[in-house]
Structure formats: C-alpha cells, structure tokens
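**Student:** Provided below are the primary sequence and the corresponding predicted coordinates.
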Amino acid sequence: MKDKDRLNKELDELAPFLKSLRQGDDGHRVPPQYFENLESEVFSHLDAIGAKRKPLAAAPRPSLWQWLQSLWQPRAALAFAGVLVLALAAWWYFQPKADYAFSPELANVSITPEDAEIYLMDNLMELDPEQIAAVLPGENLPGITLDPPSGNSSDTRNSPATTLEIAPEDLEDLLRDMTDEELKNLLL
C-alpha cells in the first residue's frame, strides 16, 4: 500500500495532467450486450449487402508420404522409437526360453577320469578349498609337505598317494598372497 501511495505522489509531482486523465472518464466504454450481439449483427449486415459465406472445406486426408514425414518430427519420432523399443522388449521377454541344461551334443561326450584329473591339476588355483573338501572324504584329503615323500611313512594322511608336494617358490607366493588373518589361522 505504501508503494501505491508513493507512486501516486510521484505521478502527481512529475505529470499532474496524466494523473487527472487517469482519474477521469476516458470515454472508452463498451455498450451493454455488445459481444453477445456482435456475431448476429455482423452476419445480418453481410446478408443485407448480399455477401455469402463459403462453406468450410474438409481438410484433405494426408497421403502416406506426408504421414511418414510427420513421423520424422522429433517428438513423434521419439514416441515411435519408445513404443518400438517397448514392443521389442516385451517380445523378447515373453519368448519361450530354451533349456540349456541338457544339450544332446554334450551328452555324447565322455570324460575320462584321467582327463578330469589333468584338467583339475592344471586349474588347481581356480578351485576353492571348500569345493575340494566337499568332493573328497576327510581321510583322502592331501597333506602338504615341503620335502619329497618317503616310502616308509607310518602316517596314513601323509602317505605318498595322498601327499601334495608344493615347491618352495609356490609356497612363498601363497604366503605372500595371504592376509594377516589367514596367516594367524594357519598358526592355530
């Protein structure tokens, strides 16, 4: 409210004539019911002079080429691409899945125990100790020795058939890769 009073005071000081025009009647008044009667009055004047209105023509149907061009508009193209992606994703998702658990080609292949042993010995570092322990019974778990096995050992766990020999360089690598917690667990 203070701003309005201040503006009125400033207008009175700078342009008193403009302020008097603003407060008085400027003569621009719309007659009552003007807009309600405007359309009928305009058409009655047109009929009086003999002018005829042309009927609106129906919009021509766009050709196939025009319809395809409208698809290249950015908004339409994005909407079309989104619908296409959703349709392809739904088709892929609801497509019956092939069962890859059984393959007839692999069923005819036989693996000998020697092939399995060679593979396991070559890829020993890929196996977890828990996997090895789950397959081998406790009495057949290999013992680790640093010395070559002797033929007259009385311990069945460290017999030559179940002894795993580790080279000193490999043992150093294993110990270097172990964490402090794993090293403490070895001493226990």
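**Tutor:** Looks like it arrived, so ask away.

**Student:** give me the low-pLDDT residue ranges for this structure?
**Tutor:** By pLDDT under 70, the weakly predicted segments of the chain are 1, 22-27, 98-107, 132-164, 188.

**Student:** that one: strands as residue ranges?
**Tutor:** Taking DSSP state E to define them, one finds strands in the chain at 143-145, 163-165.

**Student:** which helix in the protein has the most residues?
**Tutor:** Assignment by DSSP state H gives helix 74-94 as the longest helix of the chain.

**Student:** please, where are all the helices along the protein?
**Tutor:** For the chain, the helices defined by DSSP H cover 2-14, 16-23, 34-49, 64-71, 74-94, 104-107, 113-122, 129-135, 168-177, 180-187.

**Student:** can you tell which of the ones you listed is closest to Ala57?
**Tutor:** helix 64-71 (17.4 Å; C-beta to C-beta). All C-beta spots, glycine's among them, are computed from the backbone N, C-alpha and C.

**Student:** hmm, back to that, what helices or strands is the longest helix of the chain leaning on?
**Tutor:** Secondary-structure packing of helix 74-94 (3 or more C-beta pairs under 8 Å, 6 or more residues apart in numbering; DSSP states H and E): helix 64-71.

**Student:** how far off helix 74-94 does the helix it packs on point, in degrees?
**Tutor:** Interaxial angle, helix 64-71 versus helix 74-94 (axes from the mean of the first three to the mean of the last three C-alpha atoms, to 10 degrees): 90 degrees.
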